[in-house]
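> Fold the following.
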Amino acid sequence: MVAAGAVPATYFAKSVVHEFILTMSASADVLALAKIEVKLDQIPEGKNMTFKWRGKPLFVRHRTPEEIEREQAVAPSTLRHQEHDNDRVKKPEWLVVLGVCTHLGCVPIANQGEYGGYYCPCHGSHYDTSGRIRKGPAPFNLEVPEYMFPDDNTLLVG
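Coordinates of the predicted model:
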């Protein structure tokens with residue numbers, strides 16, 4: 001008689017644990033925000049486009065050969081947050097960064113500032129076209145999220 005009750009009790013316990021685990025997983029709307037796909041042919045060379053990703057601005061910049069050459073020539077030892085341009089990009093012509101100033105979380109303006117990249121007017125932080133802090137109070141470079149290029153015309157962030 002005890003064995004007859006053990007099978008249903010085990011099945012019930014398995015069901016309760018399974019339902020509990022399912023409630024802890026991400027919902028469909030959260031999973032939808034986890035990744036963003038960007039068609040790169042919509043961004044002309046020398047321009048920056050802003051997208052919303054995980055509630056934050058995402059800057060995608062199609063860099064010119066001149067911008068690439070200029071940023072790769074900067075010695076990391078001259079920077080506050082020392083990162084070479086090659087360490088920040090997977091393809092030199094595409095810069096992908098979060099558009100959140102590392103000083104107080106403001107949103108920088110693209111194609112502005114003394115270095116032609118991004119300028120945060122709140123407190124005067126200047127970033128270059130690699131998203132590296134060059135002047136002002138921001139302590140770090142703009143954050144580079146996880147991303148990949150599934151094909152030549154598509155960027156997948158997240």
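
> In the chain, what residue spans correspond to helices?
Per DSSP state H, the chain has helices spanning 2-24, 28-34, 65-72. These are given in chain order.

> Tell me, how many residues neighbour residue 79?
Look at residue 79: counted by other C-beta atoms under 10 Å, it has 16 neighbours. All C-beta atoms are positioned from the backbone trio N, CA, C, and that covers glycine.

> which residues touch it?
Taking C-beta atoms under 8 Å, 6 or more residues apart in numbering as the criterion, residue 79 is in contact with 132-134.

> Of all the residues in stretch 84-92, which ones are buried?
Using 16 or more other C-beta atoms under 10 Å as the burial criterion, the residues of stretch 84-92 that qualify are 85, 88-89, 92.

> Which one of those residues is nearest to residue 39?
The shortest gap between residue 39 and any of the buried residues of stretch 84-92 belongs to residue 89, at 18.6 Å (C-beta to C-beta).

> Quick check: nearest residue in space to that closest one, chain neighbours excluded?
Leaving aside its chain neighbours, residue 89 sits nearest to residue 95 (5.8 Å; criterion: C-beta to C-beta, 6 or more residues apart in numbering).
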